[in-house]
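1. Provide a 3D model corresponding to the input given below.
(one chain, ligands or ions: 2)
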Amino acid sequence: MEYREIKRCGGIKVSEIALGCEGFIGKSKREYAEMADRAFELGINFIDMYTPNPEFRDNFGAAIKGRRDKIVLQGHICSVWENGDYLRTRNPGKTKAAFEDQLKRLGTDYIDVGMIHYIDAEEDFKRVFEGDIMKYCIGLKKEGKIRCTGISSHNPTVAIKAVESGLVDVVMFSVNAAYDMQPPTENVDDLFEPSSYEGSFLNADPERVRLYELCEREGVAIDVMKAFGGGDMLSEEYSPFGVAFNEYQCIEYCLTRPAVVSVMAGCHSVGEMEKAVSYYSASKAERDYSSVLAGMKRFKFSGNCLYCGHCAPCTAGINIADLNKYLKLAVVQGEIPETVAEHYRLLKAHAGDCTECGRCEKNCPFGVDITGNMKKAKKVFGY
Ligand code: SF4
Ligand code: SF4
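-> Ligands and ions are numbered 1, 2, ... in the order given. Have a look, this model is predicted:
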């Protein structure tokens, strides 16, 4: 397992492969314990708990008893349990009661990431950020009941506003290559709707790209939901692209987006957890999503680096994907943020080492002007 930092949450380290909680629901206490034990053994230390289901909270709390400090909990705020179902609310009283219930049932006095349950509409964003819910979250943070604040969203426009507010440390966002081609929408169903994928698409939606870059610059962590598009991405029949990705390619795609720290895998069994973590033993070819994306006709990625790494190895030892990422971050802002300058400095080889051999460009399936980028980077960073 490898770990990444949530910088604005005291630098806590979370596993790149993390868990969604839906796979626990309906299991026996013994199965909860087995799944939790195996998750710890596999190095998984991060779980999203969107559901206020009392059964989940009680059983998961029992399963992690005595090892609370070894797990990073992402608990949702504004997600309440009513009449045997979970609902989203913006009612301050219900929100507070549900959060206190969460602490009690899980047997803890704090949640690491207090995640405001999804905000997709701009009006809802205003209600939450200018009203009692955000005030409540700020209070929870002051009291130490949450270590950092997050929002979950499917709409990049709303997520950008949240990040720009400076009040958010983590964004839980729906990420996969198909959703990345969709324009922002307040209606999450548009992402699943086959008619949304009719016609031709060129490159990732700029608003989504802007969200990833903004988060990277601001040190806001993204954790990923719907990496497999609810399973659709893994099926030739249901994938919007008409070709199936494998699990490793979906995970790799997410982990190579800027600012992403973890992919929440909705595992329903120990076997599914082991499969997700076998990402680390998969070959480079098995993880390589560029082979799928490059072969499509209606969905075309061209001219922009996707950070896929397919062009590696560089003859001069340059990590081309990372260098392209830092160049983009430096250019977008007009000045080089300190963190980007530091990341660039830490690269083993730099743009100035490029010999213009052209090997990488032959290997890039997306027609990126890599040698042009090397010249730009040398100018921007000075070496
Ligand atoms: S330059 Fe091309 S091959 Fe290399 S990381 Fe970017 S998109 Fe992938
Ligand atoms: S052209 Fe430059 S960046 Fe590309 S492989 Fe050759 S040395 Fe590396």
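
2. ok, the residue nearest to residue 275 when sequence neighbours are not counted - contacts?
-> The spatially closest residue to residue 275, leaving aside those adjacent along the chain, is residue 247, at 6.6 Å (C-beta to C-beta, 6 or more residues apart in numbering). For every residue, glycine as well, the C-beta is placed using N, CA and C. Taking C-beta atoms under 8 Å, 6 or more residues apart in numbering, we find residue 247 in contact with 228, 234, 275-276, 279.

3. Restricted to helices, list these.
-> Taking DSSP state H, the ones among the contacts of residue 247 that sit in helices are 275-276.

4. out of the contacts of residue 247, which are buried?
-> 228, 234, 276, 279 (16 or more other C-beta atoms under 10 Å).

5. Report the contact partners of the closest residue to the first one other than its chain neighbours.
-> Translated: residue 228. Leaving out its chain neighbours, the residue that sits closest to residue 228 by C-beta to C-beta, 6+ apart is residue 250, at 5.2 Å. Residues in contact with residue 250, defined by C-beta under 8 Å, 6+ apart, are 176, 227-228, 233-234, 263, 289.

6. same thing with residue 108?
-> So residue 108 contacts 61, 68, 73 (C-beta under 8 Å, 6+ apart).

7. can you confirm it is in a strand?
-> No: secondary structure of residue 108 (DSSP: H, G, I helix; E, B strand; the rest coil): coil, not part of a strand.

8. quick one: it from ligand 2, how far?
-> 49 Å (C-beta to the nearest ligand atom, to the nearest Å).

9. Kindly state the pLDDT recorded for that residue?
-> The model reports residue 108 with a pLDDT of 97.

10. excluding its backbone neighbours, what's nearest the residue of the stretch 1-150 of the chain found nearest ligand 2?
-> Here the residue of the stretch 1-150 of the chain nearest ligand 2 is residue 2; by C-beta to the nearest ligand atom that distance is 25.2 Å. Nearest non-adjacent residue to residue 2, counting by C-beta to C-beta, 6+ apart: residue 16, 5.1 Å away.

11. If we ignore the residues flanking it in sequence, what's nearest residue 329?
-> residue 340 (4.8 Å).

12. now the helices: where do they sit in the stretch 251-383 of the chain?
-> 270-277, 284-287, 290-293, 320-333, 338-346, 359-363, 370-381 (DSSP state H, counting those that start in this stretch).

13. Tell me the pLDDT of the residue in the stretch 151-300 of the chain positioned nearest to ligand 2.
-> Distances between the stretch 151-300 of the chain and ligand 2 by C-beta to the nearest ligand atom are smallest at residue 290, namely 16.0 Å. With respect to pLDDT, residue 290 scores 92.

14. my guess is it contacts residue 310, does it?
-> Yes: using C-beta atoms under 8 Å, residue 290 is in contact with residue 310, at 4.2 Å.

15. Quickly list what's touching both of the two.
-> residue 365.

16. Measure how buried the nearest residue to residue 185 once chain neighbours are set aside is and give me the count.
-> Spatial nearest neighbour of residue 185, excluding adjacent residues (C-beta to C-beta, 6+ apart): residue 155 at 6.3 Å. Other residues within reach of residue 155 by the criterion other C-beta atoms under 10 Å amount to 27.
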